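Enquirer: Sharing a model prediction with you, sequence too.
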Amino acid sequence: MERKSHRTKVLVFGMAPKRGRGRGGGGRGRGGRGKGRDAGPNYPSRLLKEIGLPLDLNDRKRRHSRKSGKPADEPDSVASDLYEYQEGVPQEESGKNRRFDQVDKLEYELPSDFEDEEIDEGAASGEENVGTLDDKSLEDDDDEDDEGDEEEGDQEELHDRMLMEVTGKANRHAKKVKEDISYMDDKNEEVPITVEDLLAPLQEKPGFNALKKRVRSLQKSAAPVSVPLPKNIQEKIDRQAGYEKTVEDISKWQPIVKRNREASTLKFIDKVNVALSSTTSMVADFKPSTAFEKEVAALLKENGVADPSQIEAKESLELNKLSVDEVRDRQERLAKMRNLLFRHEERAKRVKKIKSKTFHRLARKSQKTKADMLADDPDVQLEETMKQELNRARERMTLKHKNTSRWAKRILKRGLQQHNEGTREAITEQLREHALLTRKIHSAKSESSSSDEDEEDDSDKDDEPGLVLEKPGSRVLAKAKVATLKALEEGTNDTELPTTGIFALPFMVRAIEKKRKEAEDEARAVLEELESAGADDAGPSQETGPLKGKLSFGGHADKVSAMKAIDEEDDMVERGTDSENSEDESPLMGTKMLLVTRKEKKRKSDPVPVNAVDIEDVDLEGMVSAAVEHTTKVDEPITIAGDKSERTKKKKKKKSKNKESATRLEDAMGVEVTKHSVISANPTVFGTDEVARPETNSKSVADESFKVAIAGRPKDTSHKQDKKTVPEQENSVEEQEEDLDYDGDEVIVPRSQEDLIREAFAGDDVEAEFQEAKAAAVDEECPQEELERMDLPGWGQWTDIQKKRGPPQWMLKQQEEAKRKKEEAEKRRLDAKLKHVIISQKTDKKAAKFLSSSLPFPYTSREVFEKTMRMPLGRDYNPTKAFQDLTRPSIIKRAGVIIDPIEYEDVGKRKRKQERWAIASRITQAKDSKHLEKLWQQFF
Amino acid sequence: MKVRVISRSEEAFTRERSQDVTKVFRNLDPRLHPMERAQEYTRALNAVKLDKIFAKPFIGALSDHRDGVSCMAKNPSRLNCLVSGAMDGDVRLWDLAYRKTVAEFPGHNGAVRGVSISSDGDFLVTCGDDCTARLWELPAAEIGEVSGGVKHCEPVMVFQDKNSFRAVDHQWEKKVFATAGANVSVWDYNRSEAMTSFSWGSETVVSVKFDPAEPDVFVTTGSDRSICLYDLRMNTPLRKLVMQTRTNAVAWNPREPFNFTAANEDCNCYTYDMRKLKFAKCIHKDHVSAVMDVDFSPTGREFVTGSYDRTVRIFSYNGGHSREIYHTKRMQRVFSVRFSGDATYVMSGSDDTNIRLWKAKASEQLGVLLPRERAKHEYLDAVKQRYKHLDEVKRIDRHRQLPKAVFKAKKLRQEMTEAARKKESRKRAHSAPGSMPREAARKKRIVAELE
C-alpha cells in the first residue's frame, strides 16, 4: 500500500517534469532511434479534435502558468479563459462541478457515478471532469485514499492506454489539468484560501501529519517559473543543446575511424562460409537420406556403434582391462613411491631448518664428493665437463665476474679501502672466479694445439684451486731457455731490414739495429739468469713459497699507511727536484700505459718469441686495470723485489741526464730499462725508494699488502743484485702472461705520442701530397670550361700585328671568365675552407633518375623516405610471405561484392568480452581453490 | 668455340599436364641482386606506361532518356540496379549489366528532381517539380537479361506538398525519407503528411542526404549558401554553415560517419567534420566549373564528382587534387554521379540525356582474375606506389589529356589565383605588419557558423 500511495504522489505532483520531457518531442531526452520522433508534437489537427485535446499542444506558456500556479488572469492563457467563464456560474450550480466542495470531498470516497468516459463525453468541459478526478487524488485518508488512488490510477492508466492507442502518444492532457486546481481556488475566492485552510478539517484523520509535511515541502520547493523565452532564442538554445549532444554521440566513432585510417589494409570481402566448419559438425549434421545410407545407419544403430564416441568408449574399455595381480602390483608400486617421496620431503624439510652454515657447507661438500664418486663413470664425467664448459661459456658471455657489475663498479670507485673485510673479500672472490673460468677456456683451447702447452695446462690445473701459483717449476725455466736460444738464433739469421716505408729511413734502420742488439743482449742475459735461477731454485724461492703469487688486495691498512707515508715523502722530494716528471705521471696512468706499451712492444720488436699463449687483450686489460686500480688507490706503487739493479741503473741515468724528461728519453732510446725493468707506478717514488726503504720492508710489502708477486721469482734480491735480473724478469713476464697477467706492476714512462709521431714521420711530407690530391680531386669535380685553344698553330699568327698583340681580347676575356667561374665553383665547395679534408661532391647522373627531386609530401625527413625505398618488393628478392605482405593493397575488394556502410561496434566492449571469455575458460580449468577465487573476482 | 653439354628442360620431363606450372626456384641472396632498385624502377615505369595504354574507363552509356538526367540513385542492396530521373519527368530503372531499361515509373509532370531507394532495395521514392513525391515498389530482380519489355509501374503512394521538391533521400534501414524544397520534411511511408518539417531561414533547400552510418543525422544544403545539419532524435536542426558560394550537393563518408564532403559552386569540394565546422578538413580542387554532385565510394577512400565543366573526377578522400578525370566529347553538363555499391564503377548522368558507366580505376582489368594475375597486378601497384615520387614515373602517371575548354579554363584559373596571390602579397608588403592577418584557405570560404 505504501508503495502505491507513493506512486500516486508521483502521478499528481511529479507531473510537470515528466510532461516537460515528453512534450519537447524528444527535445531534451533522447530515446532510441526514432522513438523521439514518434513522440513528436505534430499531431494532425483532425486527430487532435477527435481525441479532444486542445489544438495547441505546444503552447509552453500555458504549461508554465499552470505549473507555477499563478492566477489565471493572464490574458494569453487558454486555461484561465476557461475558468473565467466558469466564474459566472451561480453558486448553487457550482455543486455540479464541485468547485467549492472539493475540500469536503477530499474526505469522501470516490463518487460511485464517476466514470472514465466522462472525459470523452464532454470534450470541451473535459477539464472539469478531470478536476473531479483531481479532487480524489488529493484525498488522503490513509487506507481509503490509497484504495481510491489505486482505483483512480487504474482508470487513469486505462484512459492513457486508450489515448495512446489512438494517438500513438502518451496522454498528458488529463494529467496536466489536474494541477489547475490550485489556482482555480485562488481565482474564485475573494479571500484567498490557503492550503492550511483546506487541510484544517482533516486534522483528526490519521496520516494528517504526513500529508502536512508533504504539502509543506511542496510549498517550499515551488518557485516561480520565469517568463518563457522568445521562440527564436528558445530554438537556438535547443539547437545548441542538440548539436552538443549529437557531436558527443557521433564522437563514439572516432576510435573506429582512426583505426581504419591507420590500418595498412582494409578488407571489404565478406567471408562466405561455404564449407562446413569441421568433420565433426559434418558427422553431427548428417542424416541418412538414400536407402543405402538408411540401411547402413540402421545396422550401425543395431550394433550400438552409431555414435563414434560410443565406439571409442567401447574400445577403450576393452583395452583397459587389467588383471588383479597387475592392479595389486601397481598399487604397491604407487604406495612405495609415495612413501619414498614423503620421506624425502620430510628430510629435506628438516635439513632446511638447520641454520648452521658449516653444516650446509659440509653437506654440500659431501654431496659433491658423492657426485665425484659417481663421476668415475665416464659418461657422468663427460656430462660434468660439459656442464663446466657451459658455465665458463656463460661466464664469458656475461663477464659477470669482471667487476663490471654496478655494485663492483661502485665499490671500486669508492676505493677498496673504504669497505670492510667482507666486501673486499667478495671482490677478490669475483676476480678469482673470473680468472678460474676464463683460464679454463684458454687451456682448453690450447690443449689441442701443442704438447708444450699441454704441459702448461697441467701446471695450470695444479694451480687452479686458490690461485696459489706455487712453483714456477724448472720446466718453465727450461722452456724459457730453449725459447731464448731459439730467438737468439733467429735474431742473428733474420737480418733483413725493411726497404720501403718509414722503416727504411736511415735513422729508423739504425734504431732497429740498435734494438735488435739490445734484445740479443737481453736474451743472453736471460739465458744466464735462467741458469743461475736453476741453481738457486731450491733456496730462496721456497722461502716465500706459500705467499707467492697470491693476490691480496689492501690487506693491512696499517702497514700500507706506513708505506704510504714514506712514499709520499719521497714524492715530495722528487717533486721538488723534478717537477716535470712528477707532473705527467699519475700513478694510475703510468701503469696502464705501461701495460699497453709493453704488450705492443712485445709484439713489434721483441726478438724473443713468447711461447706463452697469447691472451686476449680485452680480458687481460680489463682484469689488470681493475686490479691496478685497486692497488693504486691504496697508493702503493707496485713493486717487485729484486729490481734494485735496474733501479740503480735508472737512477744513475736520470741523474746524468739532468731534468729534462729523463725517463721518456730512456724509453725513446730503447734503453735496457724498457721492457723488463720493473718500475714503480710512480717513478718519482721509485727514485728515492732504494735509499729510503730497507729490503725487508719492500719484501713485507710484497708479501702482505696488495702487491702482485710473481711466482717463481726469488724475492731475496740481495744476491741477485750483482747479476742481471733481466732473464729472470723475462721469465716472470712470460709466466705472468700464462697466469693472466696478474702483474701490472711494471711501469715504463711512455714517450709522448707526439714525439713518436714526429720522429716517425720526420722526412715525410704527407701534407703536400694531400694538397696535391685535393687539388686534383677539385679539378676533377669542377673542371674548367673547354675553350678554344690559343696555342693552336695559326692562331694569332695571321699577321704580324696580331702576333704582337697576342691572343684577341675576347678570347682572353673568355678565359678569364672561365677561370673566375671555376674559382667560384671551388669556393662553393663544402671543403673549400677545410684544409685537411676532401669532400667529394660528385653526382652520378645515371643514378639521378632513381632519386626524387624533392622530398615527397607525407615524409618529413629524407632518411625516413630513403628507408622506405630501401627494401625491394619483388618475388626475386623476398620470400613468398614477405612478398605478399609487401604488395598487399591498401583496400581489398572484389567487383560484385556490395560494401555496406560501417556499423558501430564497441571496440572496448569486444575486448572486455574476450577477456571475460578467457577468464571463464581458465576458471573451468582451475583446480586450486585460491586461484579459482581470484579468477572469479576477475570475472565479475 | 661451342661447347655442347647435356641439358634438359625441366618442363619436358616434369610436366604431366599442359596446365602444370613449373616451380621457379629463386635465390634470394641479396648479393645476387645488386640491381634490384634499378629493376624495380624500370618495372614501375613500365607499369605506369601500361596503365596509360590500358586506361579505357568508359564502359558504356545508358541512353533511353529523352531529356537531361537530373538525378540518380543506386540500389543499396542490388548492384546491377540504378534508377534515374530526367528533366521531363521520366523515371527509369536500369539493369546495368545489360545497360537496358527494366521499368519505367510514369507519373511526374515536370522535372524529376530527386530519386532515392530504401536501403532494403524494395522501395523507390521520386520527387519533382510537380509538388509530389511518389512511392514506388521496385520490381523484383531478375536473373539474366530482361525479357518481356519494359514494365510500367504504378505508384504505391503519392505525397502531396504545397511546394515543389528539390531532393529526396532515404533514412538508412528505415521506411522514412526526407525531402528538400521550401523546407525540409521527413515522411513516413504510411502517412500522407510529413511527420516533421524543419525550416530555418526562408530559402529553398536544394539537397538532402542522410548519414548512412548514423541514420538519424542528415544534412541539407540551401540556396542561401548554407549547409545545415539535423538530427531526427533531437527533432531539431543542429547547426548551419554559411559559405561564400552555394553548395549543390553533399555526400557522407560511409566509413567515417562524422565526415561529409560538399560540392560547391566555386569549383571545389570541401570535406567537413561535422564536429568542427570552423574550417574544412580538406579542399579538393581541380574542377573548373561548379561541382554539381558528389558521391562517396563505399570504401570511404574516394569520391566521385560531376561538374558543370562536363567532366567527372575522382578524388581521394584526403587528397587535394583529383586522381582521375573522365570526359568524352559528347558528355554535357554532369548533373549527377554515383559510385557503384562495390566501389568498382562510376555512373554519371548528364545533360545530354545519357547515363555513362565508367570504371572507377581507369586501367583496371575487369573480370575474373587468376591468383597469379592478381598477384602480378598487386605487385605492379606496389612498385608504382613506391616509385611514384620519382620524376619520370610521376610525369607519366599524372599526365591526362584534357578537353581544350577545361585545359584553358584551368590555365586561366591558375593565372587568376596566382594574380590574386601576388596582389595580396604586395598589399601585405605595403601595409603595416600585422594589419593583414593571413587567413587559412580552409577557413576562407566559410562565412559563418550559425547556431
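Expert: That came through, no problem. Numbers count the residues shown, from 1 in each chain, chains lettered A, B, ... in the order given.

Enquirer: domains of chain A?
Expert: The record's domain split for chain A, according to the TED database, is A:334-367, A:376-441, A:853-884.

Enquirer: Tabulate these (CSV), appending mean neighbour count, distance to residue A:529 and mean pLDDT.
Expert: All C-beta atoms are positioned from the backbone trio N, CA, C, and that covers glycine. Formatted as CSV, those follow (neighbours: other Cβ atoms under 10 Å in any protein chain shown; distance: least, Cβ to Cβ, whole Å; pLDDT from 0 to 100):
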stretch, mean neighbour count, distance to residue A:529, mean pLDDT
domain A:334-367, 10, 44, 91
domain A:376-441, 15, 27, 76
domain A:853-884, 13, 63, 90
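
Enquirer: so where's the stretch 51-200 of chain B shaky on pLDDT?
Expert: By pLDDT under 70, the low-scoring segments of the stretch 51-200 of chain B are B:143-144, B:146.

Enquirer: which bits of it sit near chain A?
Expert: The stretch 51-200 of chain B comes close to chain A at residues B:76-77, B:79, B:172, B:174, B:176, B:186, B:193, B:195-197, as judged by Cβ under 8 Å from any Cβ of the partner chain.

Enquirer: Sitting in strands, which of the residues you listed do you find?
Expert: Under the assignment DSSP state E, these contribute B:176, B:186, B:196-197 to strands.

Enquirer: so which of the residues you listed comes closest to chain A?
Expert: Comparing these against chain A with Cβ to the nearest Cβ picks out residue B:196 as the nearest, at 5.9 Å.

Enquirer: just checking, the closest one touches residue B:183?
Expert: No. Using Cβ atoms under 8 Å, residue B:196 makes no contact with residue B:183, being 10.2 Å away.

Enquirer: Please convert the domains of chain A to CSV, extending it with distance to residue B:160.
Expert: Putting those into CSV (distance: least, Cβ to Cβ, whole Å) gives the following:
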stretch, distance to residue B:160
domain A:334-367, 93
domain A:376-441, 88
domain A:853-884, 53
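
Enquirer: how about those, which one is nearest chain B?
Expert: domain A:853-884 (4.1 Å).

Enquirer: Can you select the buried ones among the residues of the stretch 51-200 of chain B next to chain A for me in ChimeraX?
Expert: Of those, the buried ones go into a single ChimeraX selection, burial set by 16 or more other Cβ atoms under 10 Å in any protein chain shown:
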select /B:76,77,79,172,174,176,186,195,196,197
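
Enquirer: Out of the residues of the stretch 51-200 of chain B next to chain A, which comes closest to residue A:523?
Expert: When those are compared for distance to residue A:523 (Cβ to Cβ), residue B:79 wins out at 98.2 Å.

Enquirer: Could you say which helix or strand holds the residue nearest to the closest one when sequence neighbours are not counted?
Expert: In space, and not counting its chain neighbours, residue B:79 is closest to residue B:341: 5.2 Å by Cβ to Cβ, 6 or more residues apart in numbering or on different chains. Secondary structure from DSSP states H and E places residue B:341 outside every helix and strand.

Enquirer: Count the residues that sit near residue B:341.
Expert: By the criterion of other Cβ atoms under 10 Å in any protein chain shown, residue B:341 has 22 neighbours.

Enquirer: that older thread, of the residues of the stretch 51-200 of chain B next to chain A, closest to residue B:391?
Expert: Distance to residue B:391, by Cβ to Cβ, is smallest for residue B:79 among these, at 40.2 Å.

Enquirer: Report the spatially nearest residue to the residue of the stretch 1-150 of chain B found nearest chain A, omitting neighbours in sequence.
Expert: Nearest residue of the stretch 1-150 of chain B to chain A: residue B:36, at 4.1 Å (Cβ to the nearest Cβ). Leaving aside its sequence neighbours, residue B:36 sits nearest to residue A:872 (Cβ to Cβ, 6+ apart; 4.1 Å).

Enquirer: Quick check: the one you found is in a helix.
Expert: No. Counting by DSSP: H, G, I helix; E, B strand; the rest coil, residue A:872 is not found in a helix; it is coil.

Enquirer: tell me the contacts of it?
Expert: A:878, B:33, B:36-37, B:40 (Cβ atoms under 8 Å, 6 or more residues apart in numbering or on different chains).

Enquirer: Quick one: name the residues of the stretch 701-850 of chain A near chain B.
Expert: Contacts of the stretch 701-850 of chain A with chain B, taken as Cβ under 8 Å from any Cβ, map to A:849-850.

Enquirer: The same query, at a cut-off of 10 Å, please.
Expert: Within the stretch 701-850 of chain A, the positions adjacent to chain B are A:846-850 by Cβ under 10 Å from any Cβ of the partner chain.

Enquirer: Output these as JSON lines; include the columns distance to residue A:291 and pLDDT.
Expert: Listed next are these as JSON lines, based on distance: Cβ to Cβ, whole Å; pLDDT from 0 to 100:
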{"residue": "A:846", "distance to residue A:291": "79", "pLDDT": "81"}
{"residue": "A:847", "distance to residue A:291": "78", "pLDDT": "81"}
{"residue": "A:848", "distance to residue A:291": "80", "pLDDT": "83"}
{"residue": "A:849", "distance to residue A:291": "75", "pLDDT": "83"}
{"residue": "A:850", "distance to residue A:291": "73", "pLDDT": "85"}
